[in-house]
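whatever this is, show me its structure:
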Amino acid sequence: MLRRSITVDRQYLVLPVAKGPMSGHLRLRDESGTVREFDIRLADGAGDYQVFSDLETYRGAKLTVEYEGDTAASLDGIFLADEPVDPGEIYRERLRPQFHFSSRRGWNNDPNGLFYYGGEYHLLYQHNPYSTDWGNLHWGHAVSTDLVQWTELPVALYPDALGTMSTGSSVVDYENTSGLGSDEGPAIVAVYTAGHADWVDEFTQCVAFSTDGGRSWTKYDGNPVMGHIIGKNRDPKVIWHPETERWIMPLYMDQSDYAIFASPNLLEWEHVSDFTLRGATECPELFPLPVDGDEDDRRWVFWGANSTYAVGSFDGTAFRPEQSLRMLQPDGCAYAAQTWGENPDDDRLLQMAWFRQVMPGMPFGQFMTIPWSLGLIRRDDGIVLTADPVQELEVLWEEQWQERDVELTAGTELEAGLGGELLDLEVDIDLGEADSAGVVVRGVPVWYDRSLGALFCGSYTALMTVPLRSLRLRILADRTSIEVFADGGTTLVAAGVVLRPEDQEVRLFARGGSALVRKVRVSRLRTAWPFGG
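Numbering: from 1, shown residues only. Sure thing, here's the model as predicted:
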C-alpha cells in the first residue's frame, strides 16, 4: 500500500489516471477514519489524463492518502490545485460536445434529481469523477438559467455505507410536508437509490435534502426510508398529486414490473399499486399532459427508460392504460430520460436524457441530450407523445440561411447556402412523387423511404407508425451526435456518431420522383461553453 500525507491548502486534489479498468482503490483518511474512498486506476507522473476530488470541506485539515493497486509505484503524481482542470484545456477537447452538457472530467449517465428553483434549472446526474467508465456512482451537479449554458457545481452526493448513489429524483417541498425545511426557504428533497456497490447486497431508497437552494446536501438520519423489496429495485421518481394531496413515487421493481408508492411527507411510503410496462425496464416517469393543449382534456403518461410509454389515466393510486404502447425513440442513443419538476414560471414539461455515446481518447465519457419540451397530440391512430428541442437553443444561433418552395427533381440535390460544425436545421419536404427524400447533414444522410415506411439517420432506423406524405424534420448536429425530431416530434432519433471536421455541408435530395422543399432553414450555432470551440 502506498501512503502520503497532505495538508489541504487548496480546493482540489488532482489525480493522474492511466487508461484501462479501475484496478486500484484510493482512500482519504483523517484522524477519525476514512472520509472518502473510490476505485481508480492511478498512474505515475501525469498519466493519460487527470481527474480531481473537491476537498473544500476539508480545507486546513491533514489527510492521509492511501492507494492499493498495481499501476502506480508512488504517489508523487498527485497534487493540490486551485483549479480542477487547466483552464486552457477545459471544454476545448477535440470531441467535446459544444451545446450538450458533459462533465468536466469523468463519466456521466442518467440525469437524476432534476428540479427548478430560484431561477435556475438544476441537473443532477450519475457521475464517476475518477474514470471515463461507469462506476463509483456519485450525483454530479450543474445549473443553468437557460437550459443550454451550464455551470458545473461540486458533487452533490457521495457514496456511503448503504452503497453508491444510484438514480433518483428531487422535489421542492414548498409546503414543508417533510419537516426538513427552514425559515430561510423550502427543503429540496432528493429521493434516491443506494446500491450498485460490491459491499452491499440490497438496493434501498434513501433521502437527502438541501435548504440552501441545492448548493449543499445533507443525508437524512433515518435512511433508508424504504427497505429492499425485490431484485435491484431502484430509480424513484417523485411527483406531487394535488387531487389526493400526497406525494406519488413510481419505482422500478424487476423485469418489466413497476410499483407505485404514496407518501404524505416524503419519508414514509405506502405501496398502492403495480404496473407492467412491457418491453421497458428502469427509470419510470409518471406525468400528466393536456391533449392538443386543452387543459380540460388531460392524460397521464407512464414512461420507461428506453422511451416506451403508455397513455392513460391515474387517480392517485393506480395507472390505467387506454391504448397500446408506443416508443418515442424506436432506435438511438437517448436513454433514462427524466423530467424537471414544477416550475412556477413555466408551464412546459421539460425532459432530458442520457446520450450513450463514446468519445474515443477523451478525458470524459458520455453526455446529455438537448432538453426537450413534451406534449400530447391526438391523431387517427391514437394520442401520441411529442418532443421538441427547447426554444432556448436559439440563444446560440449565429448565421442563418433559409429557402422556400424549391422543387427537387429525381436525382437532384439542393445545396444549402450555409454549413458549419454546429448546426440546427428545420426541413419540410412535400414528398410528392418521390420514393424517398431527405437531407445530408455533415456527411450523414437523414431520409424517409416510402416503400419501407421508415426514417433513417445514418445506421439508425425508426419505423413510422403511419405513412408520411411530407417529411418534417428538426435536426441538431454537434461534434459527436445528430438528433432528429421527426413528424411533429412524435419520433426521436438520437444518433451517436463522431462527425468528421471537414464534413460541414448540408444538401437536400429526392429519389425516384420529384419532391417540393416547402421550407429549409439552416442555423449555425456558437458554442455553449465559455472557453469552448
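
what's near enough to touch the residue lying closest to Gly438 once chain neighbours are set aside?
Once flanking residues are discounted, Gly438 sits nearest to Trp447: 2.6 Å by Cβ to Cβ, 6 or more residues apart in numbering. C-beta: built from backbone N, CA, C; applies to glycine. Residues in contact with Trp447 (Cβ atoms under 8 Å, 6 or more residues apart in numbering) are 436-439, 455-456, 471, 509.

in which helix or strand does Trp447 reside?
Trp447 belongs to strand 444-449 when assigned by DSSP states H and E.

quick one on the thing from earlier: CSV please, covering the contacts of Trp447 and showing secondary structure, neighbour count and pLDDT.
Shown next, in CSV, are these (DSSP: H, G, I helix; E, B strand; the rest coil; neighbours: other Cβ atoms under 10 Å; pLDDT from 0 to 100):
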residue, secondary structure, neighbour count, pLDDT
Ser436, strand, 21, 97
Ala437, strand, 29, 98
Gly438, strand, 24, 98
Val439, strand, 25, 98
Leu455, strand, 25, 98
Phe456, strand, 21, 98
Leu471, strand, 27, 98
Phe509, strand, 21, 97
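
just the closest of those residues to Asn265, please.
Distance to Asn265 across the contacts of Trp447 (Cβ to Cβ) is lowest for Leu455, with 46.3 Å.

the closest one against Ala486, yeah?
Yes: if you go by Cβ atoms under 8 Å, Leu455 and Ala486 touch, sitting 5.5 Å apart.

which neighbours do those two share?
448, 462, 464, 493.

the spatially closest residue to the third one that is not a sequence neighbour: neighbour count?
Nearest residue to Met464, sequence neighbours excluded (Cβ to Cβ, 6+ apart): Gly453, at 5.4 Å. Gly453 is surrounded by 14 other residues when neighbours are defined as other Cβ atoms under 10 Å.

how much space between Gly453 and Asp428?
To Asp428, Gly453 is 19 Å away according to Cβ to Cβ, to the nearest Å.

cool, Asn233 as well?
On the measure of Cβ to Cβ, Asn233 and Asp428 end up 45 Å apart.

more neighbours: which of these two?
Asn233 (23 against 15).

my guess is that one contacts Met253. True?
Yes: the pair Asn233 and Met253 passes the contact test of Cβ under 8 Å, sitting 5.4 Å apart.

what strands flank the strand holding Trp447, and is each parallel or antiparallel?
Strand 444-449 sits in its sheet next to strand 436-441 (antiparallel), strand 454-457 (antiparallel), going by DSSP bridges.

hmm, back to that, so what sits against both of Asn233 and Met253?
Common contact partners of Asn233 and Met253 (Cβ under 8 Å, 6+ apart): Ala259.

so how far is stretch 456-473 off the chain centroid?
24 Å (Cα atoms, centre = their mean, to the nearest Å).

quick one: terminal-to-terminal distance for that stretch?
By Cα to Cα, to the nearest Å, the extent of stretch 456-473 from end to end equals 12 Å.

thinking again about what came up before, need the shared contacts of Leu455 and Ala486 in JSON lines (columns: pLDDT and distance to Pro360).
Converted to JSON lines, the shared contacts of Leu455 and Ala486 look like this (pLDDT from 0 to 100; distance: Cβ to Cβ, whole Å):
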{"residue": "Tyr448", "pLDDT": "98", "distance to Pro360": "31"}
{"residue": "Ala462", "pLDDT": "98", "distance to Pro360": "26"}
{"residue": "Met464", "pLDDT": "95", "distance to Pro360": "33"}
{"residue": "Val493", "pLDDT": "98", "distance to Pro360": "22"}
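
which stretches of this structure have low pLDDT?
531-533 (pLDDT under 70).

which SSE is the closest residue to Ser166 other than its chain neighbours in?
Take Ser166 and drop its neighbours on the chain: the residue closest to it by Cβ to Cβ, 6+ apart is Thr193, 3.9 Å away. For Thr193, the host element (DSSP H and E) is strand 187-195.

which elements pack onto that strand?
Contact here means 3 or more Cβ pairs under 8 Å, 6 or more residues apart in numbering; DSSP states H and E; on that basis strand 187-195 packs against strand 106-117, strand 151-157, strand 164-173, strand 204-210.

sheet partners, orientation included, of it?
strand 164-173 (antiparallel), strand 204-210 (antiparallel).

out of those, deepest packed?
Per residue and on average, the most neighbours among those fall to strand 164-173, with a mean of 26 (mean count of other Cβ atoms under 10 Å).

how much does that strand deviate in direction from strand 106-117?
For strand 164-173 against strand 106-117, the angle by axes from the mean of the first three to the mean of the last three Cα atoms, to 10 degrees is 10 degrees.

roughly how far does Gln98 sit from Leu350?
21 Å.

do the same with Leu508
31 Å.

can you pull the contacts of the nearest residue to Gly304 once chain neighbours are set aside?
Leaving out its chain neighbours, the residue that sits closest to Gly304 by Cβ to Cβ, 6+ apart is Ala280, at 2.6 Å. Ala280 makes contact with 256, 304-306, 308, according to Cβ under 8 Å, 6+ apart.

most neighbours, which of these?
Gly304 (26 neighbours).

I figured that one hits Leu277, correct?
Yes: counting by Cβ under 8 Å, Gly304 touches Leu277, with 4.8 Å between them.

related to what we said a few turns ago, which one, of the helices and strands packed on strand 187-195, ends up nearest to Arg94?
strand 106-117 (17.8 Å).

CA atoms only: put the closest one into PDB for me.
Extracted as PDB, the C-alpha positions of strand 106-117 are listed here (Å, rounded to 0.1, in the frame of the first residue of the first chain):
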ATOM      1  CA  GLY A 106     -15.100  11.600 -15.700                       C
ATOM      2  CA  TRP A 107     -18.200   9.600 -16.700                       C
ATOM      3  CA  ASN A 108     -21.900  10.600 -16.600                       C
ATOM      4  CA  ASN A 109     -25.000   8.500 -17.300                       C
ATOM      5  CA  ASP A 110     -28.600   9.000 -16.100                       C
ATOM      6  CA  PRO A 111     -29.900  12.500 -15.300                       C
ATOM      7  CA  ASN A 112     -31.400  12.500 -11.800                       C
ATOM      8  CA  GLY A 113     -32.900  14.900  -9.300                       C
ATOM      9  CA  LEU A 114     -33.900  17.500 -11.900                       C
ATOM     10  CA  PHE A 115     -35.600  20.500 -10.300                       C
ATOM     11  CA  TYR A 116     -36.200  24.200 -10.900                       C
ATOM     12  CA  TYR A 117     -35.700  26.700  -8.100                       C
END
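
which strands and helices sit next to that strand?
Against strand 106-117 (3+ Cβ pairs under 8 Å, 6+ apart) you get strand 120-128, strand 138-144, strand 164-173, strand 187-195, strand 334-339, strand 349-355, strand 364-365, strand 367-368.

among those, which is nearest Asp294?
Closest approach to Asp294 among the helices and strands packed on strand 106-117 (Cβ to Cβ): strand 349-355, 15.0 Å.

partners of that closest one in the sheet?
Strand 349-355 pairs in its sheet with strand 334-339 (antiparallel), strand 367-368 (antiparallel), strand 372-379 (antiparallel), by DSSP bridges.

next, the angle from the first one to strand 120-128.
Same thing as strand 334-339. Strand 334-339 runs at 140 degrees relative to strand 120-128, counting by the same axes, to 10 degrees.

what sits up against strand 334-339?
Under Cβ under 8 Å, 6+ apart, the answer for strand 334-339 is 109-112, 114, 167, 169, 237, 282-283, 285, 287, 303, 305-307, 349-356, 369, 374, 492, 494.

next one: Asp254 from Val225, what distance?
Distance from Asp254 to Val225, by Cβ to Cβ: 20 Å.

okay, these two: which has more neighbours?
Val225 (18 against 13).

list the residues that contact that one.
Taking Cβ under 8 Å, 6+ apart as the definition, contacts of Val225 comprise 191, 205-207, 266-269.

identify the farthest-apart pair in the residues you listed.
Across the contacts of Val225 (Cβ to Cβ), the longest gap, 13.5 Å, separates Cys206 and Glu268.

rewinding a little: drop anything exposed from the contacts of strand 334-339.
109-112, 114, 167, 169, 237, 282-283, 285, 287, 303, 305-307, 349-355, 369, 374, 492, 494 (16 or more other Cβ atoms under 10 Å).
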